[in-house]
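Peer 1: just the structure for this:
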Amino acid sequence: MKNLRKVLDFIAEKVSILLFAITVVLVVWQVVARYIFNAPIPWTETLAKYLFVWLVLINSSYIFGKREHMCIGYFKEHMPRTLQIVLDFVTEAAILGFSTCILVVGGWAALKVGIPQRDAALTISMGYVYAALPISGILTMLYTVCNIADKVHRLKGGEQS
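Peer 2: Next comes the predicted model:
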């Protein structure tokens with residue numbers, strides 16, 4: 001599972017860096033074109049918006065995989081150890097269910113509906129934008145499997161999680 005996590009981290013990091021860099025260049029170019037050349041370019045705003053959607057969804061999966069997401073553990077910390085372990089697995093199962101049902105299945109449905117739709121400014125299929133949902137869902141599912149495997153490994157080794 002460590003190798004899978006490394007591959008997922010590598011892909012998510014590189015895609016995020018690329019999306020962020022392109023977004024920054026687009027927004028800077030948009031500002032320069034609008035305020036210096038007095039010739040705004042409408043498609044740059046739209047493309048930056050769509051790249052930002054991709055960036056947020058990919059990074060939400062990545063942050064989840066790194067376990068750096070927001071967590072309020074006050075109540076969990078005051079539970080008995082056995083209940084904490086059960087809660088960890090219930091949480092992972094809920095995330096796996098959400099990722100599967102909402103992000104992957106729902107995202108795939110949105111993607112199919114969006115394929116014939118065209119964006120007015122870019123004239124691209126909206127399916128490209130909606131594809132971020134199932135891809136993010138698959139990443140989150142894979143990270144969840146890694147997280148569960150890590151928890152099982154820690155339990156077998158007797159380590160605290």
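Peer 1: going by C-alpha atoms from here, please, whenever you check contacts or count neighbours.
Peer 2: Noted.
Peer 1: convert the C-alpha atoms of the helix or strand bottoming out on mean pLDDT in the chain to PDB, please.
Peer 2: Ranking every helix and strand in the chain by mean pLDDT, DSSP states H and E puts helix 74-77 at the bottom, with a mean of 87. What follows is helix 74-77, C-alpha atoms only, in PDB (Å, rounded to 0.1, in the frame of the first residue of the first chain):
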ATOM      1  CA  TYR A  74     -12.200  16.200  21.000                       C
ATOM      2  CA  PHE A  75     -14.900  13.600  21.400                       C
ATOM      3  CA  LYS A  76     -12.900  10.800  19.800                       C
ATOM      4  CA  GLU A  77     -10.000  11.500  22.100                       C
END
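Peer 1: next helix or strand past it?
Peer 2: Counting by DSSP states H and E, the next helix or strand C-terminal to helix 74-77 is helix 81-98.
Peer 1: about what we covered before: contact partners of the least confident helix or strand of the chain?
Peer 2: With CA atoms under 8 Å, 6 or more residues apart in numbering as the test, helix 74-77 has contacts from 84, 87.
Peer 1: in it, what's buried?
Peer 2: Buried positions in helix 74-77, judged by neighbour count with 16 or more other CA atoms under 10 Å: none.
Peer 1: also stretch 21-30?
Peer 2: The neighbour-count check on stretch 21-30 (16+ other CA under 10 Å) flags 22-23, 26-27, 30 as buried.
Peer 1: hmm, who's touching that stretch?
Peer 2: 40-41, 44-45, 47-48, 51-52.
Peer 1: secondary structure for those residues - can I get that in TSV?
Peer 2: Shown next, in TSV, are those (DSSP: H, G, I helix; E, B strand; the rest coil):
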residue	secondary structure
Pro40	coil
Ile41	coil
Thr44	helix
Glu45	helix
Leu47	helix
Ala48	helix
Leu51	helix
Phe52	helix
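Peer 1: closest to Ala93 out of these?
Peer 2: Taking CA to CA as the measure, Phe52 is the one of the contacts of stretch 21-30 closest to Ala93, at 28.3 Å.
Peer 1: which stretches of the protein have low pLDDT?
Peer 2: Flagging of the chain using pLDDT under 70 yields the residue ranges 158-161.
Peer 1: can you map out the helices along it?
Peer 2: 2-35, 42-65, 74-77, 81-98, 107-114, 127-130, 132-157 (DSSP state H).
Peer 1: wait, which of these is closest to Ala121?
Peer 2: Nearest of the helices of the chain to Ala121, taken as CA to CA: helix 42-65 at 5.3 Å.
Peer 1: tabulate the helices of the chain (a markdown table), appending distance to Ala121.
Peer 2: Formatted as a markdown table, those follow (distance: least, CA to CA, whole Å):
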| stretch | distance to Ala121 |
| --- | --- |
| helix 2-35 | 14 |
| helix 42-65 | 5 |
| helix 74-77 | 48 |
| helix 81-98 | 33 |
| helix 107-114 | 15 |
| helix 127-130 | 14 |
| helix 132-157 | 19 |
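Peer 1: done for today, thanks.
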